[in-house]
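> Based on what follows, work out the 3D shape:
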Amino acid sequence: MRKSRFLFFAITIALFTAQMQLIAAAPAGAVAAKPNVVYYAGGSCKFYDAAGVELLSVSSDEAGWSASPAKTAWVVVTPTYGGYYEFPNFDATKTPTFSTTRAMKPFWHTDTIYNELVLLTGVNSTSKLMFPPKKIISVTNYDYSKTFATPTDYTIAGRTITQKSATVSATYVTKAGVKGSGGSNGLTNVNPTSWTNVTYIPDYTGWDSTNIVKTLNYKGDKLTKTMAKLKAKQPVVIEFYGMSITAGLNTSGFKGDDKNFIPTKPYLHSYADLSCQQLQKLFGSTITMINGSCGGKTAAWTDQYVSTMVTPNNPDLVVLDQGMNDIWGTSNAAFNASMKSAIQKIQTACPNAEIILLGNMLPDQTGAGAPSNGASLMYGLTGELKKLEGPGVVCIDFTQVSDTIYKRKGVASCLSNSLHPNDWLARCYAQAIVAAFTATGGVPTDIQPGILASSEFLSVQPNPVVDGHFILKIADDVVAENAIISVYDLAGKQVASFKQSSSSKDYISSDLNMSSGVYIFKAQVDGKVSTQKVVVK
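Predicted coordinates for the structure are as follows:
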């Protein structure tokens, strides 16, 4: 008993001593602060680590709205007329009310598109889906609490959905741009309650996916260090460093400044959160996500602060996301120079870190608060990012992807305002990042090993495949005319895709780019899905 009491007191004294040492390290006038978080300070400020060592001195202009550096523990604001306020991007108590796995199914390659958003604003208003539906599974309001019926509430012809009852748009709301230290930003925001969700089986007939597939190609062969850690299920630290889109502004779960943003169901988080959650789910690695992004920032800000906000975290992968604020005056040459300098600083301080350069979505150049030539300007900046690709540095061209999506759906159903994505487009951002590591946006749940498919009508024999020859057969009771067959390795990379026009056919594994290993065959016929795990020896 005495020994236990002694141990208890020893631990208590040690904790008290450590706490006193931490307090003693606090600079005069300091308040506690968190690292990599958006803040507002009413004047110039200095950040310190837990030992009281100064990390960064920030001018009053920058401190009005910025992000704290890595390792931050304390901040001193001078003068203190405004105080120091931190704005976490999301409320930890608000759990997303949807399936991340379903949200992350790549729109260009999936059996079912879940909760695609459309904007319907009144009776007889129309909106477009990405694809004509073979079958509508559900049409609901923003939080899935109301299910709409056809033809009472809506009708669908081809890709066009038409509102028929006032109930559908009963929660449609827009409001003027948010206000911050710089005043109104001139944007018109569509409230998260405004969207209508459509879940359906897509008909890809006649749609050429070549553009998307070429744009969102596999980049794991260029991000070899990150890929090796993911495959080995080792811990991975991913840091996102960008602006308001990166932080998750205008997604339904965004909190930020609670005077202007109220989290709303389904509480979707940023594309950064979504992509890391999906990568962790697919590969089994423990992924630590750090988001040091701040609204209104440019490539020059990235370069200026990368050494205090990013490199001290020693990330394995850094996603640099700038461009939307640079279309307001940054030249292509200046943008290139800033991003190139930031890359060099990361590579020098963290030689094992790899980098993704993210080409921004196109702004709605016809909307309030966007330049009239915003599209051409954004294409120019993304072109500069592509020039910076090299060993361990890749560019994901979401500019081209957004262009493709807008042309199918229209801008109104994709954006919360002219500069920020809604939940649907934020999901597409995340799908694009995951595609860099899997080539298909990730193996959907229904084709992961050990998970039952929706209908078992696919057979590959013999299994294991020993001499390279095998027969692929579709069950006799399934009409197999032009069945779509896809083959994936266990990293989720698609190695083959073709149409099966007969119920049984011979194949050679080498012709399908299948070396020795384990593969997942997926067959899709009229919305039905069947899979089989196949071993090639």
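> Now do the SS call for T399.
Judged by DSSP: H, G, I helix; E, B strand; the rest coil, the three-state class of T399 is helix.
> neighbours of it, just the number please.
23 (other CB atoms under 10 Å). Placement of C-beta: from N, CA and C, glycine included.
> and the gap between it and Y406?
11 Å (CB to CB, to the nearest Å).
> Common neighbours of these two, please.
Here T399 and Y406 share the contacting residues L362, scored by CB atoms under 8 Å, 6 or more residues apart in numbering.
> Count the neighbours of S515 for me.
10.
> What residue spans form the domains of the protein?
Partitioning the chain according to automatic domain parsing yields domains covering residues 2-87, 100-202, 210-445, 447-536.
> Of those domains, which shows the lowest average pLDDT?
Mean pLDDT is lowest for domain 447-536 among the domains of the chain, at a mean of 76.
> could you pull out the helices for the stretch 351-500 of the chain?
374-387, 398-409, 423-438 (DSSP state H, counting those that start in this stretch).
> can you check the chain too?
Under the criterion DSSP state H, the chain contains helices at 2-25, 60-63, 100-103, 210-215, 224-231, 244-247, 271-283, 299-309, 332-349, 374-387, 398-409, 423-438.
> still on that earlier bit, right, so of the helices of the stretch 351-500 of the chain, which gets closest to A247?
helix 423-438 (11.2 Å; CB to CB).
> On the strand side of things, show who the closest residue to L512 other than its chain neighbours bridges to.
Distance criterion CB to CB, 6 or more residues apart in numbering; nearest residue to L512, sequence neighbours excluded, is A496 at 4.0 Å. Per DSSP bridges, the residues bridged to A496 are V487.
> Could you count how many residues lie near A496?
16.
> go on, K259?
9.
> Contact partners for it?
Applying CB under 8 Å, 6+ apart, no residues contact K259.
> Next one: it from T288, what distance?
From K259 to T288 the distance is 31 Å (CB to CB).
> circling back: can you redo the helices of the chain as JSON lines with distance to K528?
Shown next, in JSON lines, are the helices of the chain (distance: least, CB to CB, whole Å):
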{"stretch": "helix 2-25", "distance to K528": "60"}
{"stretch": "helix 60-63", "distance to K528": "56"}
{"stretch": "helix 100-103", "distance to K528": "18"}
{"stretch": "helix 210-215", "distance to K528": "23"}
{"stretch": "helix 224-231", "distance to K528": "31"}
{"stretch": "helix 244-247", "distance to K528": "37"}
{"stretch": "helix 271-283", "distance to K528": "24"}
{"stretch": "helix 299-309", "distance to K528": "47"}
{"stretch": "helix 332-349", "distance to K528": "46"}
{"stretch": "helix 374-387", "distance to K528": "39"}
{"stretch": "helix 398-409", "distance to K528": "25"}
{"stretch": "helix 423-438", "distance to K528": "23"}
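> Tell me if I'm right that the residue nearest to L512 and S509 touch.
No - A496 sits out of contact with S509 when judged by CB atoms under 8 Å, with a separation of 9.5 Å.
> what sits against the nearest residue to Y144 once chain neighbours are set aside?
Of all residues beyond its chain neighbours, the one nearest Y144 is N197 (6.5 Å), with distances taken as CB to CB, 6+ apart. Contacts for N197 (CB under 8 Å, 6+ apart) come out as 115-117, 138-142, 144.
> quick one on the thing from earlier: so which of the domains of the chain is nearest K94?
Among the domains of the chain, domain 210-445 sits nearest to K94 (CB to CB), with 4.5 Å.
> Buried among the contacts of N197? Make that a PyMOL selection.
Entered in PyMOL, the line below selects the buried ones among the contacts of N197, by 16 or more other CB atoms under 10 Å:
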select buried, resi 115+116+117+139+140+141+142
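> Now render the contacts of N197 as TSV, adding distance to G43.
TSV is the format used below for the contacts of N197 (distance: CB to CB, whole Å):
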residue	distance to G43
N115	44
E116	46
L117	41
S138	52
V139	51
T140	48
N141	45
Y142	40
Y144	45
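> Which single one of the contacts of N197 is nearest to F335?
Among these, L117 lies closest to F335 (CB to CB), at 30.8 Å.
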